[in-house]
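Undergrad: task: produce atomic coordinates for the following.
(2 chains)
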Amino acid sequence: MNDIVRRDPRKEWIARNRLHPEHLEVLAEMGGGDLHSEWIGPSGLTRRNPHAVGFIGPNGIKRIDRSGAQQAATQPGSRQAQPKDTRRRVEIETPAFLVAVVPVLPGGRLSSHDRDLLGLARQLADADPERPGAVLAIVFGAHKETVFDEAGVDRLLELQGDAFSGYLPETRIAALQSVERELAPRHWLLPDSPLGGGELGRRLAVRLGERPATQVWQIEADAASETGWRCTARGAAGTSDIIRHLPRVVLALAECAEPVSETRHAAQPVELAQALPDVLGRIEDMGEVAVDPASVSLSEAEFILSAGNGVKDWDGFHHAAQVLGATEGASRVAVDDGFMPRDRQVGATGTWVSARVYVAVGISGAIQHLQGIQSCDKVVAINLDEGCDMAKRADLSVIGDAGEILAALVTRIERYREQQQENRDAA
Amino acid sequence: MPHNAKSSSHAGLNVAVLVSVGRHPLTARARRADQDARAVEMALSMSDAAVHLIHAGGNGSDNEEALRGYLGMGIGEVNLIKQSSGADVVPALINALRDTAPQLVLTGTRAETGEGSGLVPYLLAEALGWPVINGLAQVESIEQGVATVLQALPRGKRRRLRVRLPAVATVDSSAPAARQSAFGPARRGELAARACASVPDELQAQWQVQPARKRPKRLKIIKSASARDRFKAAAAKADSGSGQLLSDVSPEQGAEAIFALLKEEGVLR
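TA: Reported below is the predicted structural model:
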């Protein structure tokens, strides 16, 4: 459909002129049957007809919705107002210095910890508006992230190659060392997380011969410091705060700064001039080991299949959990009825879980249960009632009988496993 | 000390465990550090390994009680390298490790007192030129100078690594819990103190250390131009409508949709 607005000056003139014999017809035509409630007067002022606003409500009383939502919805021909991107575009052509950030990208995407760290890097880079620095993000291997620009990255260095697919800390450190040699960033920021950031940061700091600040949770400008910043870091297993000058290498905790939200940055790709050195690693990655999902504690399980009152076929449920490789959870009702042990209860009164994927089978979603799954990324609901609270929370809700859907899912996954096996055999 | 006697006759693996003085999180009493005690337990559970413990630091009365906790696990003696308070223990430890030349050095991930940065194993490995691995949950086997170990990852996952010895390894909290410390052996055991020149940690002297302040809770900031949007965001019960709703579908179609989501998230193995 054509987006160009065609104006008819004559009709607009008739619509303004209340004494014109065709006034009402033109008004009706322009307003699409409604009385025109708002128009530009001859002197350029906006004129309103107070009798034309509002609508007749269900009780026959005239209602006026001043939020504008109703009118925007009823106005025919009005194009949907697109939510406009109001974020300011920032391009830093010649940065005074670089702040290097090495995000961990768990699952191939920027985590909230990574975004906080980029926010911290922006604080360091944008402190002096006369001489702004650029934030350089260094990403290893393949990833799925597309919004580096929104997260506040000015320069993006993607180090591709098979060498970065597994756990090879020595190769990564060698690559970061060549970044240090070529680009010489003023600061190195890494997340102090158990996902690999803390380890990589410590290795890097030791290799660069810098004494890092670990577990930093706050930075402040400080003119007395030689770097112009001081930081507050946790020490002694989280029982003390150490206030010190900000060193070159910083390992920061989650929520160390607000993530970037008001600006968009260039995320301009950069390359290293020299090829990365080959490193003979002394640590060999043999891959992840399959662990029994039932032995994983509920609070740190990654994938939970949780059962509630809607589950009738318990053998089928346990079988499904086994086939899916998921840790079993339960709602309070299932535990109270004796179908599941107490240590498997999810919710405010049981365990607060942090799974990446949470599949709720036959759970309607009491508020205590929804609190317990607050920090889950993706929630799938299998339920009979499509109006239940769990279906509102879920990213995917399937309405139907839980037993049948679980059985179908088990068949589907078994077929997938067979295909994988065939592919492996063929290869 | 039955353990040491047995292993020295075999002349097998030489394992050094670096131990520190811990601090109980609730009572703040000096105790054996939890992760270091797990490292000692891991070393003791290796068959025919000669285990010796090294501690570098001050020698207060509290510290002695805590170090005797390690002796009570069935260890004959702890090599105590005396350092003044506020000293950098890394040079002393490097010297001690050069002297004893162990194949494997085990220690906790980070100390429970002081800076607690967890840097010591990395600094030692860099100085000695050895590889370092972190977060050990289990040592599976050591054959011909190559150790096969399980590394603990978040969410209860494990990764199998092979590392050429000699190496430094830090032990994770998910390693098997340390055995109880027995009182008698703890009294009888020996703290073999040895004086060593202390290198003062000058940088640390400049720091300002205070009890941990509670971190401010992050506020939910709604950036929106119109009051209506802000009100809606503040009053919203749950973000409904964002998810996909499949009603009136056959179980197979529903299962297919769930399967696609699980596969996309990569939780299917």
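
Undergrad: any idea how far residue B:214 lies from residue B:207?
TA: From residue B:214 across to residue B:207, the span is 20 Å (C-beta to C-beta, to the nearest Å). C-beta coordinates here come from the backbone N, C-alpha and C atoms, glycine included.

Undergrad: neighbour count winner among the two?
TA: The neighbour comparison of residue B:214 against residue B:207 (other C-beta atoms under 10 Å in any protein chain shown) goes to residue B:207, with 17 against 5.

Undergrad: doesn't residue A:241 make contact with that one?
TA: No - using C-beta atoms under 8 Å as the test, residue B:207 is too far from residue A:241 to be in contact (9.9 Å).

Undergrad: and for residue A:302, the neighbour number?
TA: Neighbour number of residue A:302 under other C-beta under 10 Å is 23.

Undergrad: same question, residue A:378
TA: Residue A:378 has 19 neighbouring residues, counting by other C-beta under 10 Å.

Undergrad: pull the contacting residues for it.
TA: A:356, A:357, A:358, A:395, A:396, B:261, B:265 (C-beta atoms under 8 Å, 6 or more residues apart in numbering or on different chains).

Undergrad: how does it look with 6 Å?
TA: When contacts are counted by C-beta atoms under 6 Å, 6 or more residues apart in numbering or on different chains, residue A:378 is found next to A:357, A:395, B:265.

Undergrad: need the distance between the two termini of stretch B:203-210.
TA: With C-alpha to C-alpha, to the nearest Å applied, stretch B:203-210 spans 16 Å between its terminal residues.

Undergrad: repeat that for stretch A:210-230.
TA: In stretch A:210-230, first residue to last residue: 16 Å (C-alpha to C-alpha).

Undergrad: so how far is it off the chain centroid?
TA: With C-alpha atoms, centre = their mean, to the nearest Å as the basis, stretch A:210-230 stands 28 Å off its chain's centre.

Undergrad: does that stretch come close to chain B?
TA: Yes - Stretch A:210-230 lies within reach of chain B by C-beta under 6 Å from any C-beta of the partner chain, at A:214, A:217.

Undergrad: can you give me the buried ones in that stretch?
TA: Neighbour-count burial for stretch A:210-230 flags A:211, A:212, A:213, A:214, A:215, A:216, A:217, A:218, A:219, A:229, A:230 (criterion: 16 or more other C-beta atoms under 10 Å in any protein chain shown).

Undergrad: kindly report the same for stretch B:206-224.
TA: For stretch B:206-224, by 16+ other C-beta under 10 Å, it's B:207, B:212.

Undergrad: which residues does that stretch contact?
TA: Contacts of stretch B:206-224 (C-beta under 6 Å, 6+ apart): A:217, A:239, A:240, A:241, A:242, A:243, A:244, A:255, B:230, B:233.

Undergrad: hmm, 8 Å instead?
TA: With C-beta under 8 Å, 6+ apart, stretch B:206-224 has contacts from A:217, A:232, A:234-235, A:238-245, A:255, A:258, A:261-262, B:229-230, B:233-234.

Undergrad: and what of stretch A:397-415?
TA: Against stretch A:397-415 from outside (C-beta under 8 Å, 6+ apart): A:310-313, A:316-317, A:319-320, A:323-324, A:361-362, A:380-386, A:390-391, B:243-249, B:251-252, B:254-259, B:268.

Undergrad: and stretch A:272-279, by the same measure?
TA: A:157, A:159, A:161, A:163, A:170, A:171, A:174, A:175, A:178, A:179, A:182.

Undergrad: out of those residues, list just those in strands.
TA: Among the contacts of stretch A:272-279, the members found in strands (DSSP state E) are A:157, A:159.

Undergrad: what about chain B: which of the contacts of stretch A:272-279 touch it?
TA: Taking C-beta under 8 Å from any C-beta of the partner chain, the overlap between the contacts of stretch A:272-279 and the neighbourhood of chain B is residue A:170.

Undergrad: need the pLDDT of residue 70.
TA: No chain specified, so I'll use chain A. pLDDT for residue A:70: 52.

Undergrad: please go with chain B instead
TA: Reported pLDDT for residue B:70: 92.

Undergrad: is it correct that it falls within a helix?
TA: Yes - looking at residue B:70 with DSSP: H, G, I helix; E, B strand; the rest coil, it is inside a helix.

Undergrad: residues near it, how many?
TA: Residues contacting residue B:70 under the criterion other C-beta under 10 Å number 27.

Undergrad: I'd like the distance between it and chain A.
TA: According to C-beta to the nearest C-beta, to the nearest Å, residue B:70 stands 18 Å off from chain A.

Undergrad: if I pick that residue, what's in contact with it?
TA: B:19, B:32, B:36, B:37, B:40, B:53, B:78, B:181.

Undergrad: what number of residues lie near the third one?
TA: Going back to what we said before, that points to residue B:36. Using other C-beta under 10 Å, residue B:36 has 28 other residues around it.

Undergrad: can you check the fifth one too?
TA: For residue B:40, the number of neighbouring residues by other C-beta under 10 Å comes to 29.

Undergrad: my guess is it contacts residue B:51, does it?
TA: Yes - at 7.4 Å, residue B:40 and residue B:51 qualify as touching, with contact defined as C-beta under 8 Å.

Undergrad: what's the nearest residue to residue B:19 if we skip its chain neighbours?
TA: Spatially, and ignoring its direct neighbours in sequence, residue B:19 is nearest to residue B:36 (4.5 Å; C-beta to C-beta, 6 or more residues apart in numbering or on different chains).

Undergrad: on that earlier part again, now, which of the contacts of stretch A:272-279 lie within helices?
TA: A:170, A:171, A:174, A:175, A:178, A:179, A:182 (DSSP state H).

Undergrad: residue contacts, the last one?
TA: For residue A:182, the residues meeting the contact criterion (C-beta under 8 Å, 6+ apart) are A:272, A:273, A:274.

Undergrad: now the residues you listed as JSON lines including secondary structure, pLDDT and neighbour count?
TA: Shown next, in JSON lines, are these (DSSP: H, G, I helix; E, B strand; the rest coil; pLDDT from 0 to 100; neighbours: other C-beta atoms under 10 Å in any protein chain shown):
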{"residue": "A:272", "secondary structure": "coil", "pLDDT": "84", "neighbour count": "14"}
{"residue": "A:273", "secondary structure": "coil", "pLDDT": "82", "neighbour count": "8"}
{"residue": "A:274", "secondary structure": "coil", "pLDDT": "81", "neighbour count": "9"}
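
Undergrad: of these, closest to residue B:176?
TA: residue A:272 (43.6 Å; C-beta to C-beta).
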